[in-house]
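Asker: Sequence and predicted structure are below.
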Amino acid sequence: MYNALNWPDYNLETRALMRRPDSCRVTVATDILMVGVDVPDIDDIVIVSHPPNVNNYLQKVGRTGRDRTIVSNPCGIVYSTTYARKVAHDMLGIELPTTRPKKVKVESKPPNKPRERRTKKRKIPDTKTPTSKSSMSEEMAKLIVSKCKTAELDSMYRNPPLQPSTHCNCSGCVQKPEMPQKPQRRRPKGEVQLSLTKEMKELVTEWLIGLREEIYLTADSKMLTDPFLILPRLVPGGLISKITRVLLQLTWETLGDLIGENPIMKVHTQQIWTTALELQSSFRQQLKQKAEEKEHQKRCVYVWFPGSADPYQRGGVQMKRQRLLGGGQGTC
């Protein structure tokens, strides 16, 4: 992380890591990283929420591809809200395109009774809270609305137009790739779908958190001297949730893919695998037992009829209860 709340030497070390190959892959920063930082091999810049103006936008995305001999295809990505897109269209007086079908007005007959007059309370506008309209310039609104972002930027800054042979690769000109749809796996008839209960998930999470503390307590002095070492880094929260989610289907290959290149976790892979197998076997046995009981209750049909043997008193009439299982009969 890189922000003004960190110590200056911490930010200095972060900038040094950004310049080393394969040492700092992702940096989460505030606008303090926008000026005065010239890292030659930044591939992508991701901006959360639209910048207030185009100059600010270009200053931020200009951190990418400083050395084109290293980075051949730099990319700047801006995530803006749907409301900001609506504000941009309203500011320019353009109708917002929508795919929703228009609602058809249905004329209703007036009621016989006179309708009571309702008075609406007047809302007092909040002038203290800044809105998206005040934080968005007209140039930024044009850039959001425009189809070709590169052509709009060239028009704003009076740049010469692109050559006909040059292909624009902005989000407006390049079609979005179709996401491959996963084939729906149909469950065979009679197969019981098992999934962990809330208590089981909490148990697995507590076990992995305990393992993280155990790794920290038994770590060598070289690991503990790392200034960037924090407890969640040993066993990340994302890894804990992934192992919990696929515990019932976990295999040795799947566990290796989840751990990846984490050098700390690779040492404890065998320990995780052994304990995961024990939990997997215990949980499957419990879940199958519960599923069988639930299926058994669904198949049970109770029939009350008058009888003399083994009577049950209900409403002053002697009744006998029997259970039907798949066409067979058995007295409960």
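Answerer: Great, that's in hand.
Asker: Could you count how many residues lie near V54?
Answerer: Using other Cβ atoms under 10 Å, V54 is surrounded by 19 other residues. Backbone N, C-alpha and C define where each C-beta goes, glycine included.
Asker: so which strand or helix has the closest residue in space to it that isn't next to it in sequence?
Answerer: Counting by Cβ to Cβ, 6 or more residues apart in numbering, V54 lies nearest to E139, which is 4.6 Å off, once chain neighbours are set aside. For E139, the enclosing helix or strand under DSSP states H and E is helix 138-145.
Asker: for the very next helix or strand once past that helix, what is the average pLDDT?
Answerer: Once helix 138-145 ends, the next helix or strand along the chain (criterion: DSSP H and E) is helix 149-156. Mean pLDDT, computed over helix 149-156, is 89.
Asker: For helix 149-156, which helices and strands make contact with it?
Answerer: Packing contacts for helix 149-156, counted by 3 or more Cβ pairs under 8 Å, 6 or more residues apart in numbering; DSSP states H and E, involve helix 54-61, helix 138-145.
Asker: tilt between the helix holding E139 and helix 54-61?
Answerer: 60 degrees (axes from the mean of the first three to the mean of the last three Cα atoms, to 10 degrees).
Asker: Domain map for the chain?
Answerer: 38-96+133-173, 198-299, 301-331 (automatic domain parsing).
Asker: tell me the mean pLDDT over the shortest one?
Answerer: Spelled out, it's domain 301-331. Mean pLDDT, computed over domain 301-331, is 48.
Asker: got the contact list for stretch 42-51?
Answerer: 18, 57, 60-61, 63-66, 71, 73-81, 84, 136, 140, 144 (Cβ atoms under 8 Å, 6 or more residues apart in numbering).
Asker: out of these, which are buried?
Answerer: 18, 57, 60-61, 63-65, 71, 74, 76, 78, 80, 84, 136, 140, 144 (16 or more other Cβ atoms under 10 Å).
Asker: for those residues, which one is nearest K266?
Answerer: Distance to K266 across the buried ones among the contacts of stretch 42-51 (Cβ to Cβ) is lowest for M18, with 25.6 Å.
Asker: which residues of the stretch 151-300 of the chain score low on pLDDT?
Answerer: Scanning the stretch 151-300 of the chain for pLDDT under 70 picks out 162-166, 179, 182-193, 219-234, 263-264, 298-300.
Asker: re the thing from before, which of the contacts of stretch 42-51 fall within helices?
Answerer: Counting by DSSP state H, these place M18, Y57, K60, V61, A84, M140, I144 in helices.
Asker: doesn't M136 make contact with the fifth one?
Answerer: Yes: here A84 reaches M136: they are 6.8 Å apart, a contact under Cβ atoms under 8 Å.
Asker: can you pull out the helices in the chain?
Answerer: For the chain, helices defined by DSSP H occupy the ranges 8-19, 54-61, 82-92, 138-145, 149-156, 198-217, 221-224, 231-234, 237-245, 252-259, 263-267, 269-299.
Asker: now those helices in a markdown table, with distance to C173?
Answerer: Formatted as a markdown table, those follow (distance: least, Cβ to Cβ, whole Å):
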| stretch | distance to C173 |
| --- | --- |
| helix 8-19 | 31 |
| helix 54-61 | 17 |
| helix 82-92 | 18 |
| helix 138-145 | 14 |
| helix 149-156 | 8 |
| helix 198-217 | 45 |
| helix 221-224 | 49 |
| helix 231-234 | 40 |
| helix 237-245 | 34 |
| helix 252-259 | 36 |
| helix 263-267 | 42 |
| helix 269-299 | 46 |
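Asker: For G36, which of those is the nearest?
Answerer: Of the helices of the chain, nearest to G36 by Cβ to Cβ is helix 8-19, at 9.8 Å.
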